[in-house]
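> model the following, please.
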Amino acid sequence: MYSEILVPTDGSKAAERAIDHALDLAKTYDARIHALYVVDTSIYTSLDAGADVVIDALEREGDAATRHVREAAEEAGIDVQAEVVTGTAYRSIREYIDDHDIDLVVMGTHGRTGLSHYLLGSVTERVVRTSPVPVLTIRLDDEDEDEADADESADAEAEE
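Down below sits the predicted model:
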């Protein structure tokens, strides 16, 4: 049923849950996992100075996130392909789907609603709306979401 499964990752808890589901599906269907990290350069194009530093840091983060998926897949005996690309996240994911004959996308979602969702937008929602293949969304449960929010707050404080 599925032979090529894409799991976009950003290293978040939501992505971790999606990775677990993608690996389970890959085992079940003897499918290949594609790990994809998108460095969304559209956010940083307005920076005059320092954009290169930010993008380099994001590329290193992407390498770590995709390496994690690659190692987990290899440990489970699953064929895996990992890639870090630059571009607008949902468009890059859509292009990857088309270019690699992906059968299924497995993505995490933070489950934001209301104003937070409206202001932040949702890569997952855009992929769901535009994907030519099924997209399985994996939502954090309330406990995981609270923990992820606390982690994001701690990270923001550490950067200040």
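
> where exactly do the strands run in this structure?
4-8, 32-39, 80-86, 104-109, 135-139 (DSSP state E).

> in terms of secondary structure, what does the second one contact?
With contacts defined as 3 or more CB pairs under 8 Å, 6 or more residues apart in numbering; DSSP states H and E, the secondary structure elements packing on strand 32-39 are strand 4-8, helix 13-29, helix 51-75, strand 80-86, helix 89-99. All C-beta atoms are positioned from the backbone trio N, CA, C, and that covers glycine.

> what strands line up against the first one, and which way round?
Strand 4-8 pairs in its sheet with strand 32-39 (parallel), strand 104-109 (parallel), by DSSP bridges.

> pipe those strands into a markdown table and attach mean neighbour count per row.
Output for the strands paired with strand 4-8, formatted as a markdown table (neighbours: other CB atoms under 10 Å):
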| stretch | mean neighbour count |
| --- | --- |
| strand 32-39 | 24 |
| strand 104-109 | 24 |
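
> who wins for proximity to residue 14 among those?
strand 104-109 (2.9 Å; CB to CB).

> ok, back up a step: any idea which of the helices and strands packed on strand 32-39 is most buried?
strand 4-8 (a mean of 25; mean count of other CB atoms under 10 Å).

> hmm, who's touching it?
15, 18-19, 22, 25-26, 29, 31-38, 69, 89, 93, 96-97, 100-107, 123, 127 (CB atoms under 8 Å, 6 or more residues apart in numbering).
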